[in-house]
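Novice: Test case, fold it:
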Amino acid sequence: MISEVIALSSMVIILLSKIPLGLVIIIAAQISFVFIKYNEDYTNWGVIVAQSKDHRYIGYLADLFTQKDALVEMKVFNNGRHLIDKIDARRNNLYKKNINVLIKNLVKQNIQNIITYTGLAVNYIIIAAHLADDIIDLASGVMLFSLVTTFAIKLNLINTYFASFVGTGLRLSNLYNFLYTDTIKEIPSNENIEIAKVKKITFEDVSFRYPNCSKDTLKDLNITITLPNQIAIIGENGSGKTTFIKMLCGLYNPTKGRIFYNDVDLSLIPSAQKSQLISSIFQDFGIYNISVQENITFSENDHTDEINKLTKRFPKANFSSDNSNTLNESLGVVFGNKQLSKGQNQQIALMRLLFGQKEIYFLDEPTASLDPELEKEVFDIVKELTKDKLAIYVTHRLKNIKEDNNIIVIDNGRITAVGFHSELYMNNKIYTELYDLQREMYN
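Specialist: Residues are numbered from 1 along each chain as shown. A predicted model of the protein is given here:
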């Protein structure tokens, strides 16, 4: 690098002393190169950003052809051709736009080439004129011809690297804006906080609003939950039940108000400690292309005894060591050939929930894919294993709520009632209507 700088400096001194006008022309041509190249990179990056939504859409549609559930519906409704046509239409539209951009870039590159070669040609003419006027001798002329060419090439190479650096900067600026955007507010936790045992959870004037929404999902919640306890969260679709659970987990921070574990602000509790206290299962739980045991434990350590105890609790999942569905067999078709039913997948997620000794369990529609008989068994299992803990359920199936369950009714983002089945059935219109409707369905 140092030798290149010395060489370029020497060339500048020689050219400045022999053909100063030629040196100015070469540098001016390269400056124009920088501006044209930057404009090209800026335009290309703008195109990438503008087309990113189209590329994501194409990727989403293409990915449907690798998903089992989507493929089944394609065969049932014969809609595969419709999806392919949508992909082709988007791609053709992008192709036309990209051709126009390519043509513009080629025009810019040709303009730059014309400027660069014109600058060299002018320098050659100046050198030839000096030779004709005997200002320089033949040896100096040959040297200047070579020097001008070499200097222009090296300067062009430097400018190419610089332009590439600028283009990379455009892309990094997007990443920087994402990482440091004001909409992502990290609340620093306090690593010194330790909670030996949770005795109560308190919502203090808590509201929550999703980004870019004009309406609160949860509004002015004030409630204290004591441990141990078994609590059911009841409400119509869209009332805010899942959001309530995710706030209890610390996945969402309140837009207003605070949530306390004992007397400690939940947002200040380190994530590692939350994981030791809390276990949860949501409607959109994940099943991964790793072994059954890893899907439950997410650990390479041997937890055979604890896993065996759990699998015995869920015999209909068929994951015992005596069965073909061995615990170490990889799930899915990416690294194996083991496809499970939705009910089996949900039982794996429930075993993941119950693995390890936690104090607090949150369950959001934990039995949606189970038949009624197994559903009742699972609720009984979970209740037994969490009887000295805190278990909070979100469920639409009110028949699974026991008489000794506390019930929280959420309507339109507000807690409208708290109590047991018998008193709510008599005094809360929403609970009564939901319960009677489901009783009629099951009867």
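Novice: Residue ranges in the stretch 1-150 of the chain under the pLDDT threshold?
Specialist: 1, 4-5 (pLDDT under 70).
Novice: Show me the strands in this structure, by range?
Specialist: All strands of the chain, identified by DSSP state E, fall at 200-208, 218-226, 229-234, 256-261, 264-265, 278-281, 360-364, 390-394, 406-411, 414-419.
Novice: I125 is nearest to which of those?
Specialist: strand 200-208 (73.8 Å; Cβ to Cβ). Just so you know, the C-beta spots here come from the backbone N, C-alpha and C atoms, and that holds for glycine as well.
Novice: Return the distance of the longest helix seen in the chain from the chain's centre.
Specialist: Counting by DSSP state H, the longest helix found in the chain is helix 80-132. Remark: helix 80-132 is offset 36 Å from the chain centroid, using Cα atoms, centre = their mean, to the nearest Å.
Novice: on that earlier part again, got the strands of the chain as JSON lines, with mean pLDDT, mean neighbour count and distance to A152 columns?
Specialist: Converted to JSON lines, the strands of the chain look like this (pLDDT from 0 to 100; neighbours: other Cβ atoms under 10 Å; distance: least, Cβ to Cβ, whole Å):
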{"stretch": "strand 200-208", "mean pLDDT": "97", "mean neighbour count": "18", "distance to A152": "63"}
{"stretch": "strand 218-226", "mean pLDDT": "96", "mean neighbour count": "16", "distance to A152": "67"}
{"stretch": "strand 229-234", "mean pLDDT": "92", "mean neighbour count": "20", "distance to A152": "73"}
{"stretch": "strand 256-261", "mean pLDDT": "96", "mean neighbour count": "18", "distance to A152": "64"}
{"stretch": "strand 264-265", "mean pLDDT": "94", "mean neighbour count": "16", "distance to A152": "65"}
{"stretch": "strand 278-281", "mean pLDDT": "93", "mean neighbour count": "21", "distance to A152": "65"}
{"stretch": "strand 360-364", "mean pLDDT": "93", "mean neighbour count": "23", "distance to A152": "67"}
{"stretch": "strand 390-394", "mean pLDDT": "92", "mean neighbour count": "24", "distance to A152": "71"}
{"stretch": "strand 406-411", "mean pLDDT": "94", "mean neighbour count": "20", "distance to A152": "73"}
{"stretch": "strand 414-419", "mean pLDDT": "94", "mean neighbour count": "17", "distance to A152": "74"}
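Novice: Just put those in TSV and tack on distance to V334.
Specialist: As requested, the strands of the chain are exported to TSV (distance: least, Cβ to Cβ, whole Å):
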stretch	distance to V334
strand 200-208	37
strand 218-226	38
strand 229-234	35
strand 256-261	39
strand 264-265	41
strand 278-281	23
strand 360-364	27
strand 390-394	31
strand 406-411	39
strand 414-419	43
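Novice: The chain - how does it break down into domains?
Specialist: The record's domain parsing of the chain by automatic domain parsing lists 2-179, 200-287+340-442.
Novice: Among those, show me which one is buried the most.
Specialist: domain 200-287+340-442 (a mean of 17; mean count of other Cβ atoms under 10 Å).
Novice: Does anything pack onto the longest helix of the chain? Which helices or strands?
Specialist: Packed against helix 80-132 by the contact rule (3 or more Cβ pairs under 8 Å, 6 or more residues apart in numbering; DSSP states H and E) you find helix 20-64, helix 138-179.
Novice: how about TSV for the domains of the chain, with distance to K312 added?
Specialist: Listed next are the domains of the chain as TSV, based on distance: least, Cβ to Cβ, whole Å:
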stretch	distance to K312
domain 2-179	29
domain 200-287+340-442	10
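Novice: among the ones you listed, which is nearest N295?
Specialist: domain 200-287+340-442 (5.3 Å).
Novice: chain center to the closest one: distance?
Specialist: 25 Å.
Novice: where does the most centrally placed residue in the chain land on pLDDT?
Specialist: Among the residues of the chain, the one closest to the centroid is F178, at 12.0 Å (Cα atoms, centre = their mean). pLDDT recorded at F178 is 74.
Novice: how about the helices of the stretch 301-443 of the chain, start to end?
Specialist: With DSSP state H, counting those that start in this stretch as the criterion, the stretch 301-443 of the chain has helices at 304-313, 342-354, 372-385, 421-427, 429-442.
Novice: List just the one of the domains of the chain that sits closest to S330.
Specialist: Proximity to S330, assessed across these by Cβ to Cβ, is greatest for domain 200-287+340-442 (11.5 Å).
Novice: Nearest to L327 among the strands of the chain would be which one?
Specialist: strand 278-281 (19.4 Å).
Novice: which residues are in contact with the closest one?
Specialist: With Cβ atoms under 8 Å, 6 or more residues apart in numbering as the test, strand 278-281 has contacts from 245, 249-250, 349-350, 352-356, 358-364, 366.
Novice: do stretch 248-264 as well
Specialist: For stretch 248-264, using Cβ under 8 Å, 6+ apart, the contacting residues are 185, 187, 193, 195, 198-209, 216, 220-221, 243, 246-247, 265-267, 269, 271, 274, 277-278, 280, 362, 392.
Novice: could you dump it to CSV, C-alpha only?
Specialist: C-alpha atoms of stretch 248-264 as CSV (Å, rounded to 0.1, in the frame of the first residue of the first chain):
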residue,chain,number,x,y,z
LEU,A,248,-47.0,-11.6,31.8
CYS,A,249,-44.0,-13.4,30.2
GLY,A,250,-42.1,-10.2,29.6
LEU,A,251,-42.2,-10.7,25.9
TYR,A,252,-44.0,-7.3,25.5
ASN,A,253,-43.4,-4.2,27.7
PRO,A,254,-46.3,-2.0,28.7
THR,A,255,-47.0,1.1,26.6
LYS,A,256,-48.1,2.6,29.9
GLY,A,257,-47.9,1.4,33.5
ARG,A,258,-45.8,-1.4,35.1
ILE,A,259,-45.8,-5.1,35.8
PHE,A,260,-44.2,-6.4,39.0
TYR,A,261,-43.0,-9.8,40.1
ASN,A,262,-43.2,-9.4,43.8
ASP,A,263,-42.1,-5.8,44.1
VAL,A,264,-39.6,-5.9,41.1
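Novice: What distance do you get for V382 to N405?
Specialist: Using Cβ to Cβ, to the nearest Å, we find V382 at a distance of 12 Å from N405.
Novice: correction: I360
Specialist: 16 Å.
Novice: For the residue of the chain most remote from its centre, give me its contacts.
Specialist: The C-alpha centroid of the chain is most remote from D134, which lies 71.3 Å away (Cα atoms, centre = their mean). Contact analysis of D134 by Cβ under 8 Å, 6+ apart lists nothing.
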